[in-house]
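**Student:** Just need the structure, nothing else, for what follows:
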Amino acid sequence: MTVNASDADSGANGDVRYSLKTPSLGFWINERTGELRVNRTADQLRSSVTASTSSTTSNGDVDLIVVATDQGNPPLSSAVPVRVRLGFGSADSHEFNQEDYR
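**Tutor:** As a prediction, this is how the structure comes out:
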């Protein structure tokens, strides 16, 4: 997922950088492109999300706050909430077509 902010100013005042305000829970954002990525395995992410109560919803979605900041002096910024739907599913929901694989 990529977030995008625009700034009509020129020079440093129009150069936007991205960051995460909320605890990342295994998420990382590219400060220049706004690309939001997971930097943990699915099992590690599931563990972090399950253990956290501050930024997860009742169905396991993760709420993050993305901040866009220009490089002016003083820097100006704006924040937006982003909800990430993880869709882990149930660990017991795997189905196999055959009874035996050789």
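
**Student:** What's the first helix or strand after the helix or strand of the chain with the lowest mean pLDDT?
**Tutor:** Least confident element among the helices and strands of the chain, by mean pLDDT, DSSP states H and E: helix 42-51 (a mean of 61). Proceeding N to C from helix 42-51, the next assigned helix or strand is strand 62-70, under DSSP states H and E.

**Student:** what comes up buried for that next one?
**Tutor:** 62, 64, 66, 67, 68, 69, 70 (16 or more other Cβ atoms under 10 Å). C-beta here means a position set from N, CA and C on the backbone, and glycine is covered the same way.

**Student:** Same question for stretch 14-24.
**Tutor:** 16, 17, 18, 20, 22, 24.

**Student:** Name all residues that make contact with the fourth one.
**Tutor:** Shown here is residue 20, whose contacts under the criterion Cβ atoms under 8 Å, 6 or more residues apart in numbering are 27, 28, 29, 64, 65, 66, 67.

**Student:** mind checking how far the fifth one is from residue 21?
**Tutor:** Spelled out, that is residue 65. Separation of residue 65 from residue 21 (Cβ to Cβ, to the nearest Å): 4 Å.
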